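In: Need the 3D shape of this:
(3 chains)
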Amino acid sequence: MSDRTVGLPRWIYVPAVLGAAFVLLPLVAIVAKVDWTHFGSLITSQASRDAFVLSLKTSAISTGLCVVFGVPMALVLARRDFPGLAVIRSLVLLPLVLPPVVGGLALLYTFGRRGLLGSTLDAAGIQIAFTTIAVVLAQTFVALPFMVVSLEGALRTGGQRYEVAAASLGARPTTVFRRITLPLVVPGLISGAVLAFARSLGEFGATITFAGSLQGRTRTLPLEIYLQRETDPDAAVALALVLVVVAVLVIGLAGQGRGTR
Amino acid sequence: MSLQFSARVDHRDVDIAFEVATGETLAVLGPNGSGKSTALAITAGLLIPDRGKIVLDGRVLTDAGPATSRVAVAPHARRTALLGQEPLLFPHLSALENVAFGPRSHGTRRSEARRIAQRWLDEVGVGDLAARRPSQLSGGQAQRVAVARALAADPGLLLLDEPMAALDIAVLPALRHTLRRVLADRTVVLVTHDPLDALLLADRVVVLEAGRVIESGISGEVLKRPRSTFVARLAGLNLLDGTWRGDHVETSRGDRITGMVDGDAPASGTPVVAAFRPSSVSVFREPVHGSPRNSFQVRISELEPHADLLRVRAGDLAADVTLVAAADLELETGQRVTFSVKATEVAIYLL
Amino acid sequence: MRTRILGLLVAALMVAGGASACGRSDSGGGGGSGSKTTLTVFAAASLTSTFQKIGDKFEDEHPGVKVEFSFGGSSDLVSQIQQGAPADVFASADTANMDKLTAANLQAGDPKNFASNTLEIATPPDNPADIASFADLAKPGVKVVVCAPEVPCGAAAVKMESVTGVTLKPVSEEESVTDVLGKVSSGEADAGLVYVTDVAAAGDKVKGVPFPESNKVVNTYPIVALKDSKHSDIAQEFVDTVTGETGQSILAAAGFAKP
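Out: Reported below is the predicted structural model:
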């Protein structure tokens, strides 16, 4: 195991290490700040557990939605060419750069009681605001571009050659998609799903703007942390650590999964 | 006629028409950019021409142009299996599952599809590699699996796009033999730039140049008496028919040729062809003797200068000599000379 | 593709950077000559507009002094001061946070209450649920949004529930007054419970519905000069201005009551 590659200039390590330290030190600071004697009780309060469970549940659902909608979107973006495609791509990826609060407002104006679709939904007896559905919508909105970008990259890199070969063997488009396209982009799909899950887990701005904050229903872990910070900074820090650990676990496990393929 | 092909693609300046009879293999020869791959893509349905009509076994696959009834059957519904330079085996499936892919796509049950797949793997000589992943196969093995996969799809027309161009020379003869066997009685369009493939695998040849058909006919005739510059220059092999006599070829003119047999030695009395490049031929004013050399007494019919070479034509045979050597030999048309070629430079193929 | 994403990210950074730059430039004022003394005031977010006006007046009356504000949640401001933020004056939105500060003994002198605020119901301008009293908030089907009990306006709401004996079932417990007003003004909620001054500041985006029980829960705003101030006399003068006539008239105009 000693593949020799072309050497890096030595000075490269200076900014690289500085950058890594810049990212890692705040994490160390959080860990140092944790009140370990009360850590257990801080993170197992009813409010904390509710927030934790809600976060995992909504993030998982949002990730699922990102797969359901993101895969077809990435396919169209990667495999089709029509006028306006570049514009559509930029718009679809907009949530990447939009401040989440703006995303929340936009969702409010769309799905809110007086929103574009919301008024129709309201008339049909469907109310989204202040429900867990709103949390999922907010998370999906901000996480979807991560899935699309990751998958589109994988699709473009892979190219269409295998799909052409499959079609020439008589496979219908759906068969090609199921048996060739999907299995070949599994790594991209996994990294996209991990990014989407992590982004959903950390989502704050759009949620608080669009979904509100109520224990067990719309108050996810980041909202709980923000709220606890008002009165009980120790609890906030402890919960923040939990959030970090979950995120690291998810990213780590996914990385492992890809590594062993 | 099984395949009727006519198509025009304006922006590539391609305008080609040809036909392939049922059970016939047609070689499409031509230099790069002559329109070979375009023709294949149109047949496979990957490209819709500006004008044209593709009919396979009486079924219209493509009908393009101002005609009222436009047709463009989707690639998967054409029954035209495509095999290219690269095997493109699906990396996540075993060799067996790769070959079973076609039958499965046509709705064959899994167990039956596997049985078919195993039969085709056996047929192309890689039956023992069924469980391997494509990454565990050599280039030649992978291409054999790809051949099996294309055939297992039971295509009405097999499209081969330079199927041996990316392979190691060492594995070519064996694969060529396999192809000869499995392609017999199939309707095939074989795109190649290697005239030998055309000679050995195809019944007929069309030669393309700059998007037009410039020559067509029975393989052996086109290759031996090429009218097009491409076949003559790029590929202009010396090809001599004959009969195998155990250790040499006896040509129809009575010449005796020794050479290297491609693949297993044929039975005595089998028709074969001896091939060698003009650049391997030396020209002498006097008869030469020596066991490793084949020599032919010929009369020069034509002298063609090519850059720093002179191609000396003598009936069916051609030799390339440098201009300096040509001057020393004082070659001229009508002169009697001896063409000589080493046995190691002569390849002998079964016809 | 890569470059396009990079472009988007750069654009995002620029948006974020630009936004923060804008937020900055307002409070600066003259921006300037080195000889000026700069007084830094940490004040609760609900005091933003009133304190800026008081600051302008103060600068007029004290040539050579520049007042800079840092507005935020009271608990945030206390933690910042505890972490050593260079503040001269602290004005809190409630006594609880002021108590945290005095418990850490960071004050110079005793805090003075300078204003008080009471709760008011905010509804969308058309008041779709016909809210006329505090008890109306508990009507079935009415979507009420309050502040979470952890933040001052939420603590006040909890007290109001016990005073009136009306139990609210809020659809959301927001992190701040701004979030409550956002839900109400967008029509998402039928009513929200915020301070009188917040309703006044929101203008015609929401409709205020006063209720008689409101005076039973009074939120008091204390102010104090800080011990570590480098300009303790000017800091004290600012406190005096806020508690004096100038400050009181500005606060009253914004809807604050006397302490």
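In: quick one: which helix or strand includes the closest residue to chain C within chain A?
Out: In chain A, the residue that lies nearest chain C is A:G212 (2.8 Å; Cβ to the nearest Cβ). For glycine as for every other residue, the C-beta is placed from the backbone atoms N, C-alpha and C. A:G212 belongs to no helix or strand when assigned by DSSP states H and E.
In: Tell me the gap between the helix or strand encompassing A:L253 and the middle of its chain.
Out: Assigned by DSSP H and E, A:L253 belongs to helix A:233-259. On the basis of Cα atoms, centre = their mean, to the nearest Å, helix A:233-259 sits 13 Å off its chain's mean C-alpha point.
In: What of stretch C:92-100?
Out: Taking mean C-alpha positions (Cα atoms, centre = their mean), stretch C:92-100 and its chain are 12 Å apart.
In: Also stretch B:5-16?
Out: Taking mean C-alpha positions (Cα atoms, centre = their mean), stretch B:5-16 and its chain are 22 Å apart.
In: Pretty sure B:E209 is one of the things B:V28 touches, is it not?
Out: No. Taking contacts as Cβ atoms under 8 Å, B:V28 lies outside contact range of B:E209: 11.5 Å.
In: how about the residue sitting nearest the centre point of chain A, secondary structure?
Out: Nearest to the mean C-alpha position of chain A, by Cα atoms, centre = their mean, lies A:A196 at 2.2 Å. What DSSP: H, G, I helix; E, B strand; the rest coil gives for A:A196 is helix.
In: How many residues are close by the residue of chain A closest to chain C?
Out: Using other Cβ atoms under 10 Å in any protein chain shown, A:G212 has 30 other residues around it.
In: what are the bridge partners for the closest residue to it other than its chain neighbours, then?
Out: Excluding the flanking residues, the one nearest A:G212 by Cβ to Cβ, 6 or more residues apart in numbering or on different chains is C:S172, at 2.8 Å. C:S172 has these beta-bridge partners by DSSP bridges: C:V145.
In: Show the pLDDT at C:S172.
Out: C:S172 is assigned 93 on the pLDDT scale.
In: Could I get the contacting residues of it?
Out: Taking Cβ atoms under 8 Å, 6 or more residues apart in numbering or on different chains as the criterion, C:S172 is in contact with A:130, A:211-214, A:218, C:145-146, C:183, C:189.
In: circling back: avg pLDDT for the helix holding A:L253?
Out: Averaging pLDDT along helix A:233-259 yields 82.
In: what does stretch A:80-90 give?
Out: 88.
In: What residues of that stretch count as buried?
Out: Across stretch A:80-90, burial judged by 16 or more other Cβ atoms under 10 Å in any protein chain shown covers A:R89.
In: That one vs chain C: in contact?
Out: Yes. With Cβ under 8 Å from any Cβ of the partner chain as the criterion, chain C is reached by stretch A:80-90 at A:89-90.
In: So for B:V28 and B:E209, which residue has more residues nearby?
Out: The residue with more neighbours, out of B:V28 and B:E209, is B:V28; 30 against 18, by other Cβ under 10 Å.
In: tell me the phi and psi of that one?
Out: phi -110, psi 110 (degrees, to the nearest 10).
In: For chain A, see how far away it is.
Out: Plainly put, B:V28 is 17 Å away from chain A if you go by Cβ to the nearest Cβ, to the nearest Å.
In: one step back: which residues sit in contact with the residue nearest to the centre of chain A?
Out: Counted by Cβ under 8 Å, 6+ apart, A:A196 has contacts A:62-63, A:66-67, A:70, A:143-144, A:146-147.
In: most surrounded residue in these?
Out: A:M147 (30 neighbours).
In: Give me the below-cutoff pLDDT ranges for the stretch 51-200 of chain B.
Out: B:67-68 (pLDDT under 70).
In: ok, which stretches of it are strands?
Out: B:51-56, B:59-64, B:71-72, B:80-83, B:157-161, B:188-192 (DSSP state E, counting those that start in this stretch).
In: out of those strands, which comes closest to B:M260?
Out: Minimum separation from B:M260 across the strands of the stretch 51-200 of chain B (Cβ to Cβ) falls at strand B:188-192, 21.6 Å.
In: What about the contacts of A:A196, which are in helices?
Out: Counted as lying in helices by DSSP state H, out of the contacts of A:A196, are A:62-63, A:66-67, A:70, A:143-144, A:146-147.
In: Just name the closest of those residues to chain B, please.
Out: Each of the ones in helices among the contacts of A:A196 was checked against chain B using Cβ to the nearest Cβ; the closest is A:V67, at 18.6 Å.
In: How about the contacts made by the closest one?
Out: A:V67 neighbours (Cβ under 8 Å, 6+ apart): A:147, A:189, A:192-193, A:196.
In: biggest separation within those, which pair?
Out: Greatest spatial distance among the contacts of A:V67 (Cβ to Cβ): A:L189 and A:A196, at 10.3 Å.
In: I'd like the distance from A:A123 to A:F39, if you could.
Out: Here the criterion is Cβ to Cβ, to the nearest Å. By it, A:A123 lies 49 Å from A:F39.
In: Compare neighbour counts for the two and give me the winner.
Out: Taking neighbours as other Cβ under 10 Å, A:A123 and A:F39 compare with A:F39 leading, 16 against 8.
In: which residue ends up closest to the midpoint of chain C in space?
Out: Centroid-nearest residue in chain C, with Cα atoms, centre = their mean: C:S46, separated by 1.7 Å.
In: Find the residue closest to that one in space, skipping its chain neighbours.
Out: C:S46's closest residue in space is C:A93 (Cβ to Cβ, 6+ apart), at 5.5 Å.
In: just B:L179 next, same as before
Out: Excluding the flanking residues, the one nearest B:L179 by Cβ to Cβ, 6+ apart is B:L201, at 5.8 Å.
In: can you check B:A153 too?
Out: B:G102 (2.9 Å).
In: do the same with A:E152
Out: A:A74 (4.3 Å).
In: Tell me, what's the model's pLDDT at the residue nearest to B:L179?
Out: 88.
In: And for it, the neighbour number?
Out: 22.
In: can you pull the pLDDT of B:S295?
Out: 85.
In: is it true that it touches B:F339?
Out: Yes. Using Cβ under 8 Å, B:S295 is in contact with B:F339, at 6.7 Å.
In: Common neighbours of the two, please.
Out: Taking Cβ under 8 Å, 6+ apart as the contact criterion, no residue touches both B:S295 and B:F339.
In: which one of these two has more residues nearby?
Out: Of the pair B:S295 and B:F339, B:F339 is the one with more neighbours under other Cβ under 10 Å, namely 23 against 19.
In: bridging residues for that one?
Out: Under the criterion used (DSSP bridges), B:F339 bridges to B:V283, B:F296.
In: Against chain A, how distant is it?
Out: According to Cβ to the nearest Cβ, B:F339 and chain A sit 46 Å apart.
In: list the contacts for that residue?
Out: B:F339 makes contact with B:281-283, B:295-296, B:298, B:314, B:317, B:319 under the criterion Cβ under 8 Å, 6+ apart.
In: By neighbour count, which of the residues you listed wins?
Out: Counting neighbours by other Cβ under 10 Å, B:A319 leads the contacts of B:F339 with 27 neighbours.
In: Which helix or strand contains it?
Out: Going by DSSP H and E, B:A319 is in strand B:317-322.
In: State the next helix or strand along the chain beyond that strand.
Out: Strand B:317-322 is succeeded, C-terminally, by helix B:323-329 (DSSP H and E).
In: For that following helix, give the mean pLDDT please.
Out: Average pLDDT, helix B:323-329: 84.
In: Quick check: buried residues in that helix?
Out: In terms of neighbour count (16+ other Cβ under 10 Å), helix B:323-329 has its buried residues at B:326, B:329.
In: got it, and stretch A:246-257?
Out: Neighbour-count burial for stretch A:246-257 flags A:246-247, A:250, A:254 (criterion: 16+ other Cβ under 10 Å).
In: which residues are contacting that stretch?
Out: A:56, A:190-191, A:193-194, A:197-198, A:201-202.
In: Which stretches in the stretch 101-250 of chain A count as helices?
Out: Using DSSP state H, counting those that start in this stretch, the helices of the stretch 101-250 of chain A run over A:118-123, A:132-158, A:161-168, A:173-176, A:182-184, A:186-202, A:205-210, A:221-231, A:233-259.
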